[in-house]
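Chemist: Output the structure for:
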Amino acid sequence: MIKRTFAGADDPRHWAPLALSIALLALLASVTSLGNGFAYDDRWIIVENVRAHSLHAPWKFFAETYWPNIRGAALYRPLTIMLYATQWTLGGGSPLIFHIVSVALYAMVSVLVFWLALQILPRTAAWVAAALFAVHPVHVEAVGNVVGQAELWTALLMIGAIALYVRDRRHGLPLERRTSVAIVTLFVAGMLIKENAIVLPALIVAADYFLCDSASLDRPWRDRVASLFSLLLWMTLFAALFLFVRVQILEGIGGDVTHPAIQNLGLVQRSLVMLGLLPEFGRLFLWPAQLFADYSPQQVHTHTTWHFELVPGLLLLLSVVTLWFICWRRQPVVAFGLAWVVIAIAPVANILIPTGILIAERTLLVPSLGVVLAVATLVPWVMEKLKGQPRLAYIGAGGILALILTLGAARSAERQYAWKDSETVFLRLALDAPANFKSHYSLGGLLFEAKRPIEGEREWRYAIALMPSYYGVYVDLAHKYRDAHVCQAAIPNYQKALSIEPSLPLATAGLVACYLDLGQYRRARATSRSAIADGFYRCAFEYMISRADSALIATDTLDGENRWRSPRASQCNASRLMIDTVPNVVAAVPITPAIVVRGLDPSGARSRTFTGRVTLSLAPNPAGAKLTGTVTVTAVAGIATFGNIVVDKPGNGYALNATSGKISAPVSLPIRVAAGPRQK
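Modeler: Numbering: from 1, shown residues only. Modelled structure (predicted):
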């Protein structure tokens, strides 16, 4: 019979001093993030997302997507947006309050790891596990980048639920009713913060099998199922309800824009891609000396068919599986740790459901718990080996541990500065990972926004060279060329993008617009007719055909009439509104120049037939400011002009809404309203 060896656990009482030391280690590793601002995705999800600026009608969060619709990606995380809105309201839009919350959450999660470890490991080993977790550099992104808070909240709830379960069940006793209610509540809250929490039932099954009592390994499976049935039934019902609501709002279960490297790939191909990345996951868990804000080709290589570069990943996978089977009965804590890693990372593994990332360090926060628990089981073995050894051996072992913790805390504290702001993130990424196509793509976009088009074009050309199979960079570069009236350069980029992905209506519209600008009317007409046949924006392309036809009649010398006819105004009804850029505003003073709202057809062109009544309003704001003046006007030829609008109170982060019947405009970019003469 195989001998079972449980690591054992100390009495978790009187653990406060040790817990305080864990919290201090977490603070040492993360406190340098307090000087950071908003960076990367913070901009779209928080800074320019007016929904995250107010707690007015918070129930609406549960019927809306996480990402603003204008950004393409969606996801469903209503409690996360509510938490951001709370912090924005309390801090007046300052990033400091967000970072204080993140640092506090990280310290709490680290202490919670210690409490869980005390249930299953000797006190010294539990402390080592929590200390390694607290200083682990792979956690920096979850702490230093504000939107990483979703990971921190999810970790707090998931680890808390497992700790409660193990506390009640580790001696084989039945689960208390109040504990069951608490676990189900934490589970529901976790899913509403981030969908990754949906794997909690699987983690509970693993914990029950490996951690709860030594006899459980030999218990009949029916007894184990019976002890878990009620809890898992309730969790399954709530998970099904969550998925139903998610599908209704997102119109699909995924809701994320797929990463370019795995777009249009099947399950087997995605599995091969991720197999090749396994060594990188292992490196990040065990020796995260190098960290990056993004992992994309050609920094990491992706293969959709068998390649010799997949061999290290395959060997690592076989080694982990072998270790798991060996430890299944001999070292249950190790087996549980490995199972935890696999289960916790499954939602972002890109195998069952493709996501928008290949590897993201923030998503390794929860899985890393399994790694530190497995590593900490070595502590009792080391201490046993040190028995009878000279005092110097104990000092040496302690010195090695102190060195590892010091290096981890120092690396984490230094890495926090990399998330200071978007410019720092993208410049650092381009410097640290010059072969990463996304580093140049993101940096190029930042340079274009900074009115540095030559440098932006250069970065996008680098991105294309690194990943020529991705259509997105071609489309964005073509749009920039067209905006600069350089259609000769735009057309080849539109054509290349469409050769990669034919279903790009906006790229097709841009191509036709360039043909019209260059007088290539027959090409414009033919391309428009093809687009209509493909089901793209029929109304918009019919308008383009009319422009091409009119131009051809005017220039055709064989036409007896040979007269120029102005193209027909778009007969497309407006499908949405767009608020032009709003200048700086002074409170109690009419806004100048006048605010302009345009009615747009499905292609994004101005609908000249739109003559609806447009109403302008101010989005809910903490100051309770209001608009005065003529807030409802009738559009003329698709344009509504508001000439005497006044905001009555100064403040930051205001945003405008525009509506006309059932159509509306995306909220404007945040507006700063300066104090007027009477407010100063």
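Chemist: Show me which helix runs longest in this protein.
Modeler: helix 221-250 (DSSP state H).
Chemist: Could you tell me which residues make contact with residue 552?
Modeler: 521, 522, 525 (C-beta atoms under 8 Å, 6 or more residues apart in numbering). (Each C-beta comes from the backbone N, C-alpha and C, glycine too.)
Chemist: Tell me, how many residues neighbour residue 630?
Modeler: Look at residue 630: counted by other C-beta atoms under 10 Å, it has 12 neighbours.
Chemist: That one is in contact with residue 643, isn't it?
Modeler: Yes - if you go by C-beta atoms under 8 Å, residue 630 and residue 643 touch, sitting 7.4 Å apart.
Chemist: who are the neighbours in contact with the spatially closest residue to residue 359 that is not a sequence neighbour?
Modeler: Spatial nearest neighbour of residue 359, excluding adjacent residues (C-beta to C-beta, 6 or more residues apart in numbering): residue 295 at 3.9 Å. By C-beta under 8 Å, 6+ apart, the contact list for residue 295 reads 277, 280, 357, 358, 359, 360, 436.
Chemist: Would you mind checking which of the contacts of residue 552 is nearest to residue 86?
Modeler: For the contacts of residue 552, the closest approach to residue 86 (C-beta to C-beta) belongs to residue 525, at 54.6 Å.
Chemist: pLDDT at the nearest residue to residue 675 once chain neighbours are set aside, what is it?
Modeler: Nearest non-adjacent residue to residue 675, counting by C-beta to C-beta, 6+ apart: residue 650, 4.2 Å away. Looking at residue 650, its pLDDT reads 84.
Chemist: Now residue 650: phi and psi?
Modeler: Dihedral angles of residue 650 (phi, psi; degrees, to the nearest 10) stand at phi -80, psi 160.
Chemist: Next, the buried residues of the longest helix of the chain.
Modeler: If you call a residue buried by 16 or more other C-beta atoms under 10 Å, then helix 221-250 has these buried ones: 224, 227-228, 231-232, 234-235, 238-239, 242, 245-246, 249-250.
Chemist: same question, stretch 160-175
Modeler: So, applying 16+ other C-beta under 10 Å, buried residues of stretch 160-175: 160, 161, 162, 163, 164, 165, 166, 167, 168, 169, 170, 175.
Chemist: Once you drop chain neighbours, what's closest to residue 545?
Modeler: Nearest to residue 545 is residue 528, by C-beta to C-beta, 6+ apart, at 4.8 Å.
Chemist: check contacts around the one you found.
Modeler: With C-beta under 8 Å, 6+ apart, residue 528 has these contacts: 512, 541, 542, 544, 545, 548.
Chemist: same question, residue 238
Modeler: Contacts of residue 238 by C-beta under 8 Å, 6+ apart are 184, 187, 188, 191.
Chemist: Tell me which entries of those residues lie within helices.
Modeler: Per DSSP H, the subset of the contacts of residue 238 in helices is 184, 187, 188, 191.
Chemist: Count the residues that sit near the first one.
Modeler: This points to residue 184. For residue 184, using other C-beta under 10 Å, the count is 17.
Chemist: now swap in the last one and tell me
Modeler: Applying other C-beta under 10 Å, we find 26 residues neighbouring residue 191.
Chemist: My guess is it contacts residue 185. True?
Modeler: No - under the criterion of C-beta under 8 Å, residue 191 is not in contact with residue 185, lying 11.2 Å apart.
Chemist: Quick check on the residue nearest to residue 500 when sequence neighbours are not counted: phi, psi?
Modeler: In space, and not counting its chain neighbours, residue 500 is closest to residue 471: 4.3 Å by C-beta to C-beta, 6+ apart. Dihedral angles of residue 471 (phi, psi; degrees, to the nearest 10) stand at phi -80, psi -20.
Chemist: Model confidence score at residue 439, please.
Modeler: So residue 439 comes in at 92 (pLDDT).
Chemist: so it touches residue 294, yeah?
Modeler: Yes - the criterion here is C-beta under 8 Å, and residue 439 meets it with residue 294 at 6.6 Å.
Chemist: Residue 469 reaches residue 501, doesn't it?
Modeler: No - counting by C-beta under 8 Å, residue 469 sits too far from residue 501 to count as a contact (9.9 Å).
Chemist: Now for residue 382, how many residues are close by?
Modeler: Neighbours of residue 382 using other C-beta under 10 Å come to 14.
Chemist: wait, what's in contact with it?
Modeler: Counted by C-beta under 8 Å, 6+ apart, residue 382 has contacts residue 397.
Chemist: May I ask which helix or strand encompasses it?
Modeler: helix 378-386 (DSSP states H and E).
Chemist: swap in residue 202?
Modeler: With DSSP H and E as the test, residue 202 turns up in helix 200-210.
Chemist: tell me what that helix is packed against?
Modeler: helix 149-169, helix 177-193, helix 221-250, helix 332-345 (3 or more C-beta pairs under 8 Å, 6 or more residues apart in numbering; DSSP states H and E).
Chemist: which other residues reach it?
Modeler: Here helix 200-210 has contacts from 158, 161-162, 165-166, 169, 183, 186-187, 190, 216-217, 224, 227-228, 231-232, 235-236, 239, 332-333, 335-336, 339-340, 343-344, using C-beta under 8 Å, 6+ apart.
Chemist: where in the protein is pLDDT low?
Modeler: 1-13, 69-73, 172, 213-224, 554-573, 581-584, 602-605, 622, 667-669, 676-680 (pLDDT under 70).
Chemist: in it, which spans are strands?
Modeler: 576-579, 585-586, 595-600, 613-618, 627-628, 632-634, 639-642, 646-647, 651-654, 656-660, 663-664, 671-674 (DSSP state E).
Chemist: who does the fifth one pair up with?
Modeler: As defined by DSSP bridges, the strand partners of strand 627-628 come to strand 646-647 (antiparallel).
Chemist: can you count the residues close to residue 549?
Modeler: 16.
Chemist: May I ask you to confirm that it is in contact with residue 524?
Modeler: No - at 9.8 Å, residue 549 does not count as touching residue 524 under the criterion of C-beta under 8 Å.
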